[in-house]
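Colleague: just need the structure, nothing else, for what follows:
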Amino acid sequence: MSEKNDCFNLRPGSGLCRVYLLRGGLVKTRLRMGELLKESGLLSQDQLDKALSVQKKTGDRLGKTLINLGYITEENMIAALVKQLGIASVVLSAPVSREMAAAIPAGMAERHQVIPLKKEGRKLTLVMADPSNFYAIDDVRMSTGCDVEPVIASEREVAKAIKEAYGDRGLAENAASKPRSDEGPPAEGLSAEDAPAVSIVNSLISQAISERASDIHVEPQDETLRIRLRVDGLLREVASFPRSYHASILSRIKIMAEMDISEKRLPQDGRIKVTEAGRDIDIRVSTLPTIIGEKAVMRILDRGAVILDVHRLGFSDDNLTRYQKLVHQSYGIILVTGPTGAGKLPCRRSGPESLSTSRSTRKSVSSSLRVMR
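Modeller: Below you'll find the model as predicted:
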């Protein structure tokens, strides 16, 4: 072998690797995005140095920094990485299923800006905003036990897919690790070390409203604190925190609902009013002591989102005719029953309650049975 070092490129499945032949031995290094774009001729060294300097100040991803500086377009960047890495590019035109996204934790997807697309045997196709981030690929490989095949998509599409698949779960998990700088001082009754609870509860309420959930369940387990949302009558887990967060999160909820934070042995009821996207939201809060700690259920009443057109409630033509005939009678009682999320409130408000006039009145009486498990 000559004194001059020979080199060649290969792709072992986790990004472009450059292999140098040095005196008969192999030394393997992985190239990052900046080097790949420079080699493709889209960046000069001066532009790369300037972008890296700006990136240190802003904390943004390098690709976003390069685009914001006008050095490169996102389309050119993706095309260059596809050519250099020998990978495919995808367009995320349809949402990634929650079952597929559950292959990796929400916090990992948010941190690395990646999301699983499909799994075939032991091969996991991973959509990435930066496929040269081999640390992300290694994290996903270790977490799933699968061989990872990276593909690239625009950062905007990846971020949107993560939001749709996980909701705010990643934000809530990240909020547990550090307080937000824009929260201000902790509310009265919470110490400075409890400040993450403010971010967590705010994130959970925002997510529940955006997903049109009817309930938020905060449930202590033996070693964790489980958070579930009820959407369309079905409960699903959206976050899990260390058990040590139980006291601060329950205290935050009680403070918002104007409940007694020192009372932990008796059930309590309270009420929270919040404004989300210009809508006034009522939240009814109930706490219940159990053997392993207090549970809390937050019932979300978004009256602005209630369907008031009886024709949109899903009645068949025959049942709609019968229902309207009964509603317009001068006397009688109509019983509206069903599980949480079945549509009892829209049915009442679009029927009897909507017919009250200056010369007549219709009243509805609500009596709900709450079973906490």
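
Colleague: from now on I want contacts and neighbour counts done on CA atoms only, so please keep to that.
Modeller: Will do.

Colleague: what ranges in the chain fall below the confidence cut-off?
Modeller: Residues of the chain that meet the criterion pLDDT under 70 lie in 1-32, 167-195, 277, 303-309, 339-342, 349-373.

Colleague: regarding it, what is its longest strand?
Modeller: strand 279-290 (DSSP state E).

Colleague: tell me the secondary structure for I72?
Modeller: Here I72 is coil, with the state taken from DSSP: H, G, I helix; E, B strand; the rest coil.

Colleague: I'd say it and S44 touch.
Modeller: No. Assessed by CA atoms under 8 Å, I72 is found out of contact with S44, at 11.1 Å.

Colleague: and P346, how far from A80?
Modeller: For P346, the distance to A80 equals 53 Å [CA to CA, to the nearest Å].

Colleague: likewise for I115?
Modeller: 21 Å.

Colleague: R122 now?
Modeller: Separation of R122 from A80 (CA to CA): 28 Å.

Colleague: of those two, who's got more company?
Modeller: More crowded of R122 and A80, by other CA atoms under 10 Å: A80, with 20 against 11.

Colleague: and the more buried one, which of the three is it?
Modeller: Going by three-state DSSP: A80 is helix.

Colleague: got the contact list for it?
Modeller: For A80, the contacting residues are L36, L37, S40, by CA atoms under 8 Å, 6 or more residues apart in numbering.

Colleague: any of those buried? List them.
Modeller: Applying 16 or more other CA atoms under 10 Å to the contacts of A80, the neighbour count classes L36, L37 as buried.

Colleague: out of the contacts of A80, flag the one nearest to S330.
Modeller: The nearest member of the contacts of A80 to S330, counting by CA to CA, is L37 at 76.4 Å.

Colleague: confirm the closest one sits in a strand?
Modeller: No. L37: not assigned to a strand; according to three-state DSSP it is helix.

Colleague: skipping its backbone neighbours, what lies nearest it in space?
Modeller: L43 (6.0 Å; CA to CA, 6 or more residues apart in numbering).

Colleague: ok, the one you found touching L36?
Modeller: No. Between L43 and L36 there is no contact under CA under 8 Å: 9.2 Å.

Colleague: what about V114, distance to D282?
Modeller: Using CA to CA, V114 is found at 35 Å from D282.

Colleague: neighbour count winner among those two?
Modeller: Ranked by neighbour count (other CA under 10 Å), V114 and D282 place V114 first, with 30 against 17.

Colleague: who does the residue nearest to that one when sequence neighbours are not counted bridge with?
Modeller: Of all residues not flanking V114 in the chain, M128 sits nearest, at 4.6 Å (CA to CA, 6+ apart). Following DSSP bridges, M128 is listed with bridge partners V114, I152.

Colleague: count of neighbours near M128?
Modeller: M128: 28 neighbours (other CA under 10 Å).

Colleague: got the contact list for it?
Modeller: Residues counted as contacts of M128 (CA under 8 Å, 6+ apart) are Q113, V114, I115, P150, V151, I152, A153, E155, V158.

Colleague: among these, which two are most distant?
Modeller: So, the contacts of M128 by CA to CA: farthest apart are P150 and E155, at 14.2 Å.

Colleague: who's more crowded, these two?
Modeller: Neighbour tally, P150 and E155, criterion other CA under 10 Å: the higher count belongs to P150, 27 against 18.

Colleague: the more buried one and A129, how far apart?
Modeller: For P150 relative to A129 (CA to CA), the value is 10 Å.

Colleague: element containing the nearest residue to P95 once chain neighbours are set aside?
Modeller: Once flanking residues are discounted, P95 sits nearest to A161: 6.1 Å by CA to CA, 6+ apart. Using DSSP states H and E, A161 sits within helix 155-166.
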